[in-house]
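**Q** Turn this into a structure:
(one chain, ligands or ions: 1)
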Amino acid sequence: MTLGEKTLRHGGLLKEGARAMDGRTALLELFHRWDSFESLIPMAELRQGLSGLTLELNDVIDCTIFSDVAYQRVLIHQSTAYEALVLCWRSGQRSPIHDHKGSICAVYIIEGTATETIYAPSPCGRLFPAHSRSAGPRSLCVSQDADIHQMGNLQPEGRDLVSLHLYSPPLSASRIYSIDDTTLGGHDVLSASRPQTILSEIRVDGPHALSPKHPTRVRQVTP
Ligand SMILES: [Fe+2]
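**A** Here you go, the predicted model:
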């Protein structure tokens, strides 16, 4: 059963003088609006729609599923133009490093604090973690297409993260990266094969010496 099927029918929900919509009803109104799109929903539209929400955990509580093994992805609504998922993360759980090839990804934080790390390509071919940021309740994280990132719940044990993810169009060609694609690849090998330090003091009587009085250059390998 989808979130939409469990709730009130659309139409006539808000009348003049009626109290403000609760978060769940506002979300369903948004889905109703977005269902009229046939293909890609523009990023500005996703931003505007999500930033107007005030979602609390209770608004999606029946769509939350947690696992101690990995974060869980719960599909709550979909159309040809987009899909909406509630993601549920225990402390320490993270997504793989990935992109959203061909799709816009808009994330609304419902409960807890998410940490997003953005990866960028380097000239040597490896991805490097360019920056990280934390996002609390009602924050938005928007990325698209070839943007590469990793999300996770780095809060202390016992603190859950619940986030709403909109993908437009629905994800179909997203790529997951290996740690070996990044500058973190082979890190433990780096520790074991740390190079020795080579002493090669620079002296004034080197190849471009100004004075011949000093002894010749010393080259020494230390263990
Ligand atoms: Fe993502």
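**Q** quick one: contacts for the spatially most central residue of the chain?
**A** When Cα atoms, centre = their mean is applied to the chain, the residue found nearest the centroid is residue 151 (3.6 Å). Residues near residue 151 by Cβ atoms under 8 Å, 6 or more residues apart in numbering: 94, 95, 107, 114, 115, 116, 117, 141, 163. In short, each C-beta sits where N, CA and C put it, glycine included.
**Q** ok, now with 7 Å
**A** 94, 95, 114, 116 (Cβ atoms under 7 Å, 6 or more residues apart in numbering).
**Q** Pull the residues that contact stretch 135-142.
**A** Stretch 135-142 is contacted from outside by 43, 46-47, 50-51, 54, 106-111, 113-114, 116, using Cβ under 7 Å, 6+ apart.
**Q** if we go to 8 Å?
**A** With Cβ under 8 Å, 6+ apart as the contact definition, stretch 135-142 has outside contacts at 43, 46-47, 50-51, 53-55, 104-116, 151.
**Q** Enumerate the positions of it that are buried.
**A** By neighbour count with 16 or more other Cβ atoms under 10 Å, stretch 135-142 contains the buried residues 135, 137, 139, 141, 142.
**Q** Quick one: list the elements packing against the helix of greatest length in the chain.
**A** Identified as the longest helix of the chain according to DSSP state H is helix 23-34. Other helices and strands packing on helix 23-34, by 3 or more Cβ pairs under 8 Å, 6 or more residues apart in numbering; DSSP states H and E, are helix 43-51, helix 57-60.
**Q** can you map out the strands along this protein?
**A** Per DSSP state E, the chain carries strands over the ranges 72-78, 83-89, 98-111, 114-121, 127-135, 140-152, 161-168, 198-200, 219-221.
**Q** So which of those strands is nearest residue 180?
**A** The closest of these to residue 180 is strand 127-135. By Cβ to Cβ, the value is 10.2 Å.
**Q** Report the angle between the closest one and strand 114-121.
**A** Counting by axes from the mean of the first three to the mean of the last three Cα atoms, to 10 degrees, strand 127-135 lies at 160 degrees to strand 114-121.
**Q** quick one, strand 127-135 and strand 140-152 angle?
**A** Going by the same axes, to 10 degrees, strand 127-135 is angled at 120 degrees with respect to strand 140-152.
**Q** In strand 127-135, which residues are buried?
**A** By 16+ other Cβ under 10 Å, the buried positions in strand 127-135 come out as 127, 129, 135.
**Q** Got a quick ChimeraX command for the buried subset of the contacts of residue 151?
**A** Restricted to buried positions by 16+ other Cβ under 10 Å, the ChimeraX selection for the contacts of residue 151 reads:
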select :95,114,116
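**Q** Kindly indicate which of the contacts of residue 151 lies nearest residue 172.
**A** Nearest to residue 172 among these: residue 95, at 17.3 Å, using Cβ to Cβ.
**Q** show me what contacts the closest one?
**A** Contacts of residue 95 were listed using Cβ under 8 Å, 6+ apart, and they are 71, 150, 151, 152.
**Q** Tell me how many other residues surround the first one.
**A** Applying other Cβ atoms under 10 Å, we find 20 other residues in the vicinity of residue 71.
**Q** now do the second one
**A** For residue 150, the number of neighbouring residues by other Cβ under 10 Å comes to 18.
**Q** Against residue 113, how distant is residue 144?
**A** Separation of residue 144 from residue 113 (Cβ to Cβ, to the nearest Å): 23 Å.
**Q** quick revisit: restricted to buried residues, select the contacts of stretch 135-142 in PyMOL.
**A** Selection of buried members from these for PyMOL, criterion 16+ other Cβ under 10 Å:
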select buried, resi 46+50+53+55+104+105+106+107+108+109+110+111+112+114+115+116+151
